[in-house]
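**Q** need the 3D shape of this:
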Amino acid sequence: MSPADITTAYIALGSNIGDRERYLAEALKKLDEHPHVQVLACSAIYETDPVGYVDQDAFLNMAAAIHTSLSPEGLLAVMQNIEQVLGRVRDIRFGPRTIDLDLLLYGEREIRTPDLIVPHPRMQERAFVLVPLADLFSHIPNTSFASIEKQLAKLDGKEGVMLWKKMQWPSESGHSAS
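**A** Numbers count the residues shown, from 1 in each chain. Okay, the predicted model is just below:
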């Protein structure tokens, strides 16, 4: 990836079926293994109550910062392929899933196509997205997370988001910088 072609993007990850932590780790690993994606950092993992369709198990959620030379649509395709490889089935809207990857932010761009809206249209309403994203932003130099903190302050439902495990990327992933 040449520096001129690189965009920083932010992805939300969630899982509530099977070995939830393993699915999150596998998704991060698969993202990082892609030749046009580099995982830079990730938030802690949070256990969260389901939203929308509530008759399901609790989720593990986190956020990741990446560098990519892919277009937003190309990145979305990679993310959807990872979901498919990891067994994601889309039969109930907001229902149980092995892995869910959502593109939250793609640089400073605003994107509105039939297949992709960035910034993510519902992220400002979801504590399970904003809490991990604020955690991630707090560890990345030169990243302003004041707007995230401001939105979190007025958001209900934060009590349904509890710290599960702190993570260090890349040490817990087995990824090597070599």
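
**Q** residues in contact with residue 61?
**A** 12, 13, 14, 45, 46, 47, 48, 128, 129, 132, 161 (CB atoms under 8 Å, 6 or more residues apart in numbering). Quick note: C-beta positions are derived from backbone N, CA and C, even for glycine.

**Q** would it count as being in a strand?
**A** Yes: counting by DSSP: H, G, I helix; E, B strand; the rest coil, residue 61 is located in a strand.

**Q** show me what it is bridged to.
**A** Residue 61 forms beta bridges with residue 14, residue 46, as assigned by DSSP bridges.

**Q** which strands and helices lie in contact with the worst-scoring helix or strand of the chain on mean pLDDT?
**A** Each helix and strand of the chain was given a mean pLDDT (mean pLDDT, DSSP states H and E); the minimum falls on helix 146-153 at a mean of 74. Contacts defined by 3 or more CB pairs under 8 Å, 6 or more residues apart in numbering; DSSP states H and E place helix 146-153 against helix 127-138.

**Q** buried set for the helix it packs on?
**A** Buried residues in helix 127-138, defined by neighbour count with 16 or more other CB atoms under 10 Å: 127, 128, 129, 130, 131, 132, 133, 134, 135, 136, 137.

**Q** report the separation between the fifth one and residue 67.
**A** When distances are taken as CB to CB, to the nearest Å, residue 131 and residue 67 turn out to be 23 Å apart.

**Q** just give me the neighbour total for residue 100.
**A** With neighbours defined by other CB atoms under 10 Å, the count for residue 100 comes to 21.

**Q** good, wrapping up.
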